[in-house]
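here are the coordinates; sequence isn't available:
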């Protein structure tokens, strides 16, 4: 009897459940999801599209390059002559200090107001510099970033507290850099390649700036004429260009400066330190084409032995490695072996694929990485497109790579050593293996 009663209760509950579900389904079928739940995002995603780039040069000399596919926007303004390679003899350290002057007081706005405007719109500011230029910018939502464009080109008022803080911060950065063996090796390599007394060979991480040198360097190099403004995630290029033209209408235009390639010399620098380890770098004059330089780097990388890595930088290409004191004598042999012979056609094809993939992946590495690639392309070729970037690698032949290797080997190598270097061969011994 108990089991019969339980069966009747279960059957009744099932009928009620089925009846309720039918009723609800009948009611819900009368309305669409959007009608029943207003404001719900569309469930069908929009079709992905390829990025389209546009380039415009304004009358003030600024080149504006935009693309329209990024979900976030990075706006970066690059001054190609604001690197330490443009410092006068008395201005050493001014490039680093001026990087630290980014978003400081100017055009009647305090640094607090400038940064508050950027942060209120959810954007993140950044500034970078090196030997071949300086960049200021920010990353934020596409619907917010256009309003902030004028803040990239304010007329710096050089408030004494701003300059003091920038010089102090630059000094702290220089102290940190000079305690890092890898950074010291890089600085010494440039000194070996271009000469320690030239602007390109002098240290970038230098604490020697003053109020006067900071001001003179910024007045001369942080100008619109020749600058590149890269913007990602911009759907309307023409509207953005109009906004930039209006926002930069009161900024300093300056004089156009024709870029002059620094004179490569080659040579040696040695910094001895009791670290128990030797760091060695060997570089040669690289090709002007960034694509060809990247392919050469990959060719060398494929030939590198254990503990040796390849690198490329503007104007330079080479290898570096390290070993403890006992193995320091053999590290130079390993570096020379990596660059001693031109690669075969098969190696070139593989290197082209690796270099091309690296370049294209950089376009998908975030909006700031994409903005950097756009800027480099405009500075080198005057335009930008993903198709053009890929084609620049596809057009490289084994003969091009062979000729570049031959020219590289004929240039006087630049050699830098840092650390326990007693047993590391000198430049003359290394140079005798080339040419």
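Looks like it arrived, so ask away. What you see is a predicted model, and the numbers here were worked out from it, not measured in a lab.

What is the three-state secondary structure of residue 199?
Put simply, residue 199 is coil when judged by DSSP: H, G, I helix; E, B strand; the rest coil.

meant to ask about residue 127, not that
Assignment for residue 127 (three-state DSSP): strand.

That one contacts residue 97, correct?
No. Proximity of residue 127 to residue 97 does not meet the contact threshold set by C-beta atoms under 8 Å, at 11.7 Å. C-beta here means a position set from N, CA and C on the backbone, and glycine is covered the same way.

Pick out whichever of those two has more residues nearby.
residue 97 (29 against 16; other C-beta atoms under 10 Å).

hang on, that one packs against residue 212?
No. Residue 97 lies out of contact with residue 212 (C-beta under 8 Å); the separation is 11.4 Å.

by contact count, what packs against the strand or helix carrying residue 348?
In the assignment (DSSP states H and E), residue 348 maps to helix 345-363. Where contact means 3 or more C-beta pairs under 8 Å, 6 or more residues apart in numbering; DSSP states H and E, helix 345-363 is packed against helix 290-303, helix 367-381, helix 386-394, helix 398-410.

Of the ones you listed, which is nearest residue 121?
In terms of C-beta to C-beta, the element of the helices and strands packed on helix 345-363 nearest to residue 121 is helix 367-381, at 15.3 Å.

how about that closest one: buried residues?
By neighbour count on 16 or more other C-beta atoms under 10 Å, the buried set for helix 367-381 is 367, 368, 370, 371, 372, 373, 374, 375, 376, 377, 378, 379.

helix/strand/coil for residue 54?
strand.

Same check on residue 415?
Assigned with three-state DSSP, residue 415 falls in the strand class.

Hmm, it is touching residue 193, no?
No. Using C-beta under 8 Å as the test, residue 415 is too far from residue 193 to be in contact (9.3 Å).

on that earlier part again, return the set of buried residues in the helix holding residue 348.
Going by 16+ other C-beta under 10 Å, helix 345-363 has these buried residues: 347, 348, 351, 352, 354, 355, 356, 359, 363.

so residue 51 sits in a helix?
No. Read with three-state DSSP, residue 51 is coil and lies in no helix.

Make 260 the first number, not 1, from now on.
OK, 260 is where the count begins now, so the last one is residue 310.

separation between the closest residue to it other than its chain neighbours and residue 494?
What sits nearest to residue 310 in space, not counting adjacent residues and going by C-beta to C-beta, 6 or more residues apart in numbering, is residue 328, at 3.8 Å. When distance is defined by C-beta to C-beta, to the nearest Å, residue 328 is 9 Å away from residue 494.

try residue 325
In terms of C-beta to C-beta, residue 325 sits 9 Å off from residue 494.

who touches the residue nearest to residue 572 when sequence neighbours are not counted in this structure?
Distance criterion C-beta to C-beta, 6+ apart; nearest residue to residue 572, sequence neighbours excluded, is residue 545 at 7.7 Å. For residue 545, the contact set (C-beta atoms under 8 Å, 6 or more residues apart in numbering) comprises 552, 555, 571, 572, 573, 574, 575, 576, 667.

In contact with the second one, which residues?
Okay, so that is residue 555. Applying C-beta under 8 Å, 6+ apart, the residues near residue 555 are 545, 546, 571, 576, 610, 660, 663, 664, 667.

Can you tell me which of the residues you listed is nearest residue 563?
residue 610 (12.1 Å).

Was I right to think the closest one contacts residue 569?
No. Using C-beta under 8 Å, residue 610 is not in contact with residue 569; the gap is 10.3 Å.

who touches both of those two?
By C-beta under 8 Å, 6+ apart, the residues touching both residue 610 and residue 569 are 557, 560.

quick one on the thing from earlier: mark which of the contacts of residue 545 are buried, thanks.
So, by 16+ other C-beta under 10 Å, the buried ones in the contacts of residue 545 are 552, 555, 571, 572, 573, 574, 575, 576, 667.

Quick check: the farthest pair among these?
Pairwise over those, using C-beta to C-beta, the maximum falls at 573 and 667, 15.0 Å.
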